[in-house]
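Chemist: just need the structure, nothing else, for what follows:
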Amino acid sequence: MLNAGEGLFIAGGKAAALTAGSGAPSTFLHFFLVPAGELGRPAETAPAVVRELYRTASPIPDLKSGHYDLNLTRVTFRAQMPSNPPHHRSGAALYFILSGTGANTVDGKTEARGPGSLIYEPYDLVHQWGNPGDEPLIFLAFNINPEGVPAVLPGAPAKNQ
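Modeler: Predicted coordinates:
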């Protein structure tokens, strides 16, 4: 049984059947990382209703062959939290905002990002996050990064990578 806000990892080659426990509709958020040839394969069957939120148009840039860490983390920024220092990803990340409104700064331009927002952060995107609001900002961060390398690195990426 999965409760609100909980997650489950299903490894490649495995199958799972998920059913709404109460008999009422449920909302389920998928993060898929699959080879390009499997992108068109349906993951759900009736009576599920699917709304796709994001799909990369091409493979994730700057991922080289090798071993990677994958993680899904629930992150909370307290109310009135100033923006963190500029940083980038060692791989890539996809954020899904659950509640609150965050301030996302890219190239000196700050945008408000609220519930339901989806933000893709490729390797070379230098950005900052803060929470100028009066309530906590809560989001899910799905990261892929080279094994043993932190998901978040300070400043801009080196030019020779």
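Chemist: where does pLDDT dip in this structure?
Modeler: Along the chain, the parts satisfying pLDDT under 70 run over 5, 36, 57-58, 160-161.
Chemist: can you tell me the helix or strand for the residue nearest the centre of it?
Modeler: The centroid of the chain falls nearest to Leu94 when counting by CA atoms, centre = their mean (2.6 Å). Using DSSP states H and E, Leu94 sits within strand 92-99.
Chemist: in the sheet, who's paired with Ser99?
Modeler: Listed beta-bridge partners, Ser99: Ile138 (assigned using DSSP bridges).
Chemist: give the contact list for it.
Modeler: By CB atoms under 8 Å, 6 or more residues apart in numbering, the residues touching Ser99 are 115, 135-138. Just so you know, the C-beta spots here come from the backbone N, C-alpha and C atoms, and that holds for glycine as well.
Chemist: how much space between Gln80 and Glu135?
Modeler: As defined by CB to CB, to the nearest Å, Gln80 lies at a distance of 10 Å from Glu135.
Chemist: can you tell me how far the nearest residue to Ser26 once chain neighbours are set aside is from Val49?
Modeler: Distance criterion CB to CB, 6 or more residues apart in numbering; nearest residue to Ser26, sequence neighbours excluded, is Ala20 at 4.1 Å. Using CB to CB, we find Ala20 at a distance of 12 Å from Val49.
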